[in-house]
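Participant: give me coordinates for this.
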Amino acid sequence: MAILSNASFWRRPRVIASAVLLVLVALLLASRLRGPQLPGYRLEAGPLVQVVVATGRVISTSRVQVGSEVTGTVIERRVKEGDVVKPGDVLLVLRADDLEARVRQAEAALRELQASTRPQSSASLRQAEAQLAQASRERQRRADLFARQLVSREILEQAEEAEAVARAVADKARLAADAASPGSTAEIQLREQVAAARAQRAKAVIRAGIAGIVLTRNAEPGDLVQPGRVLFEIARGGDTEIEVPVDEKNLAALAVGQVAQCIADAWPDRPFRGVVNYIAPGVDAARGTVTIRLRVDPPPDYLRQDMTVSVNVETGRRERALAVPNDALLLEADGTRAVLAVRDGHLQRVPVRLGLAGLAMSEVLEGVASGDQVLSGAAGVTGVAAGDRVRVGLEALPAAGVDATRRELPVNFD
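Facilitator: Residues are numbered from 1 along each chain as shown. As a prediction, the model looks like this:
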């Protein structure tokens with residue numbers, strides 16, 4: 001009877017409600033003693049890599065624009081876009097009849113000197129020398145007769161004048177013969193004219209000056225080309241670079257010699273290596289970017305001129321570092337940083353010193369240690385103050401390497 005009486009007692013509604021209320025009050029008091037639950041992270045040390053992520057384009061170290069030095073009509077084109085050429089390969093042939101005529105004219109002048117002018121001048125010299133010898137003998141004979149008073153002075157003077165004239169003619173003939181002799185100035189000039197005419201005629205055949213790949217062609221058979229017009233553009237073979245505009249705020253982290261992982265958008269599964277070999281001395285004021293170039297050696301066979309490439313330039317690495325999510329950082333009035341750490345269940349505002357700084361996470365050098373818990377969204381935490389009891393609802397650390405703008409400075413865990 002007593003058991004039945006107690007059971008009926010506990011079934012009474014008023015008694016049950018009182019018991020539930022007591023339990024809720026106890027839970028509320030316990031919760032207040034433990035403090036509110038706030039989202040946060042447990043910090044852990046691990047490898048840390050800082051990268052600058054950007055997008056660039058493939059360029060050659062040099063592009064050569066090939067044109068014509070003479071005016072002419074295209075009669076033959078021997079290459080097209082994508083062809084690989086070597087120095088001396090014929091790209092284009094022009095019809096240049098006037099240049100050919102100049103070569104024939106110069107060659108004819110040289111042949112005339114060698115086959116006609118030279119023999120004639122030699123013969124004229126021999127004739128003049130013979131006449132001079134005859135005049136000298138005649139002058140000597142009349143001088144002997146004058147000494148014996150057999151002829152008058154007038155006859156002697158006539159002989160002397162004839163000898164002088166013959167000597168002048170001989171001297172002139174000698175000069176003409178020397179001018180036409182092998183190796184003379186006249187022959188050298190004619191040979192130079194022939195060489196110049198042939199060189200000018202050779203310009204009618206447009207040849208490649210470097211080894212590389214033909215990027216563009218701007219002439220077809222029948223076109224009239226003139227000096228100053230670009231006929232072909234050739235990218236120098238061998239050396240390949242990637243030109244990348246990087247947000248100027250990342251300039252301090254960049255340095256020549258840094259290694260980058262490069263991925264062509266057309267071949268995302270075939271990454272390749274690049275090395276920073278140039279940083280522009282100035283900043284593009286319109287875009288707020290600084291241009292860097294990456295050397296690719298050897299370049300993959302699938303790279304094409306102006307191809308879009310995504311690059312991750314490694315600007316910093318720590319084999320073991322403690323990183324804190326950026327949303328857990330507070331900016332102090334003096335410009336330093338702090339976190340809201342939870343230690344022994346109590347909230348503390350802890351100053352920290354940062355190392356590598358990134359978009360998602362930053363390296364902490366001093367202030368917290370591995371295993372510490374810090375609140376996320378620290379700047380927006382309200383209703384609590386330093387020293388209050390709080391509980392941490394742990395969240396996953398931010399994913400490494402996420403960069404929507406592709407111009408930020410993410411810090412990535414390996």
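Participant: what residues go with each domain of the protein?
Facilitator: Domain segmentation of the chain under automatic domain parsing yields 36-48+318-412, 53-60+237-316, 67-93+205-236, 98-201.
Participant: could you dump those to JSON lines with mean pLDDT and mean neighbour count?
Facilitator: Every residue, glycine included, has its C-beta placed from N, CA and C. Formatted as JSON lines, those follow (pLDDT from 0 to 100; neighbours: other Cβ atoms under 10 Å):
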{"stretch": "domain 36-48+318-412", "mean pLDDT": "80", "mean neighbour count": "17"}
{"stretch": "domain 53-60+237-316", "mean pLDDT": "90", "mean neighbour count": "16"}
{"stretch": "domain 67-93+205-236", "mean pLDDT": "90", "mean neighbour count": "16"}
{"stretch": "domain 98-201", "mean pLDDT": "87", "mean neighbour count": "15"}
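Participant: ok, residue 288 touching residue 248?
Facilitator: Yes - Residue 288 is within contact range of residue 248, at 5.3 Å (criterion: Cβ atoms under 8 Å).
Participant: can you give me the strands for the stretch 1-150 of the chain?
Facilitator: Using DSSP state E, counting those that start in this stretch, the strands found in the stretch 1-150 of the chain span residues 37-42, 45-60, 63-67, 72-77, 84-85, 90-95.
Participant: Provide the strand pairings for the third one, with the direction of each partner.
Facilitator: Same thing as strand 63-67. Strand 63-67 pairs in its sheet with strand 230-236 (antiparallel), by DSSP bridges.
Participant: again, but for the fifth one
Facilitator: In the sheet containing strand 84-85, its partner strands are strand 212-217 (antiparallel), by DSSP bridges.
Participant: same for the helix or strand that the partner strand is followed by, what does it pack against?
Facilitator: For strand 212-217, the following helix or strand on the C-terminal side (DSSP states H and E) is strand 224-225. If you count contacts as 3 or more Cβ pairs under 8 Å, 6 or more residues apart in numbering; DSSP states H and E, strand 224-225 packs onto strand 72-77.
Participant: distance from the chain centre to the strand it packs on, please.
Facilitator: Distance of strand 72-77 from its chain centroid, counting by Cα atoms, centre = their mean, to the nearest Å, is 33 Å.
Participant: again with stretch 185-205
Facilitator: 39 Å.
Participant: quick one: the helices in the stretch 51-200 of the chain, in order.
Facilitator: 97-112, 118-147, 153-180, 185-202 (DSSP state H, counting those that start in this stretch).
Participant: packing partners for the second one?
Facilitator: Using 3+ Cβ pairs under 8 Å, 6+ apart as the contact criterion, the secondary-structure elements in contact with helix 118-147 are helix 153-180.
Participant: that older thread, mind putting the helices of the stretch 51-200 of the chain into JSON lines with distance to residue 70?
Facilitator: Below are the helices of the stretch 51-200 of the chain laid out as JSON lines (distance: least, Cβ to Cβ, whole Å):
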{"stretch": "helix 97-112", "distance to residue 70": "7"}
{"stretch": "helix 118-147", "distance to residue 70": "33"}
{"stretch": "helix 153-180", "distance to residue 70": "33"}
{"stretch": "helix 185-202", "distance to residue 70": "7"}
